[in-house]
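Asker: Any chance you can model this:
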Amino acid sequence: SYTIRSTGSIDAFGALYDGSGNVLAYNDDYTGLNFGITRTLSSGSTYYVSVSGARESIVGSYGLQVVAPAPEQGDSFSTATPITLGTTSAAIDYAGDTDYYRFTPASSGYYNFSTTGGTDMYGRLYDSSQNQLTYNDDGGIGANFSMTYYLNQGSTYYVRAEHYSPTGIGNYNLVATQDD
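Answerer: Numbering: from 1, shown residues only. The predicted model follows:
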C-alpha cells in the first residue's frame, strides 16, 4: 500500500482519484490536522491527488508525501526474510501483519535486535526449533523493541516483528548488531 499524506500546520483535506477522475478515497485529520490516505495502487496506472483546506477560509502552505510500500517481509518461519548485521526497512502493512526474519551469526556472542521509527513495535526472538527465547515491548527508543541475547555461531535464529496494536500499521526499521 502507498500512503499519501500532507505535512504542515494547516488543516488539510486530501482526495485520491483514478485516471478518469473518480474518487478512490478521501481523508481529513489522519494525524493532527494533516490528511492521510493509504491505498493499494496498480503499477502503470495514473492517479491524481487534490489538496484543499478543510474549510474554505483555510489558506497556507503544506507538504505532500507519497510513501511507497516497503518490500514485504516473510510472514512465517518458513518464509522468513534472511538478514545480516545492519538495518532492514520494512512495514506492518495491514492489521495483524507479522514479519519474520532469519539470522545466522558468523560468530558466537551477544546480538541485539531492535526497531527504530514511529511505529509501536513488539519483538520476539526464537531459536531454530521455533522456541521463543525472549521478547520485548518498548525496551528501545520510544515505542520500539530492543532484545539482546547470546547466539551461537552457525545456528539459525528468527526475529518476529509485529505492531503492538492488533489493528496497527506503519513503517519501521529492524536493526541487527553484534555487541562487544
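
Asker: Give me the distance between the residue of the chain most remote from its centre and residue 83.
Answerer: Taking Cα atoms, centre = their mean, the residue of the chain most remote from its mean C-alpha position is residue 57, at 35.4 Å. Using Cβ to Cβ, to the nearest Å, residue 57 is found at 51 Å from residue 83. All C-beta spots, glycine's among them, are computed from the backbone N, C-alpha and C.

Asker: ok, now residue 135?
Answerer: According to Cβ to Cβ, residue 135 and residue 83 sit 18 Å apart.

Asker: Those two: which has the busier surroundings?
Answerer: residue 83 (18 against 14; other Cβ atoms under 10 Å).

Asker: beta partners for residue 157?
Answerer: residue 103 (DSSP bridges).

Asker: where does this structure dip in pLDDT?
Answerer: Applying pLDDT under 70 to the chain flags the ranges 70-72.

Asker: how about 50 then?
Answerer: For the chain, applying pLDDT under 50 flags no range at all.

Asker: coming back round to it: show me what contacts the residue farthest from the centre of the chain?
Answerer: Listed by Cβ atoms under 8 Å, 6 or more residues apart in numbering, the contact set of residue 57 is empty.

Asker: Against residue 11, how distant is it?
Answerer: 10 Å.

Asker: Repeat that for residue 146.
Answerer: Taken as Cβ to Cβ, the span from residue 146 to residue 11 is 37 Å.

Asker: in what helix or strand does residue 125 lie?
Answerer: Per DSSP states H and E, residue 125 falls inside strand 121-126.

Asker: Is residue 136 in a helix, a strand, or coil?
Answerer: Assigned by DSSP: H, G, I helix; E, B strand; the rest coil, the conformation of residue 136 is strand.

Asker: burial count for it?
Answerer: 19.

Asker: Assess the claim that it and residue 123 are in contact.
Answerer: Yes - under the criterion of Cβ atoms under 8 Å, residue 136 makes contact with residue 123 at 5.3 Å.

Asker: show me what contacts the nearest residue to residue 93 once chain neighbours are set aside?
Answerer: With sequence-adjacent residues excluded and distances taken as Cβ to Cβ, 6 or more residues apart in numbering, residue 93 is closest to residue 1, at 5.9 Å. Counting by Cβ under 8 Å, 6+ apart, residue 1 makes contact with 38-41, 69, 93-94.
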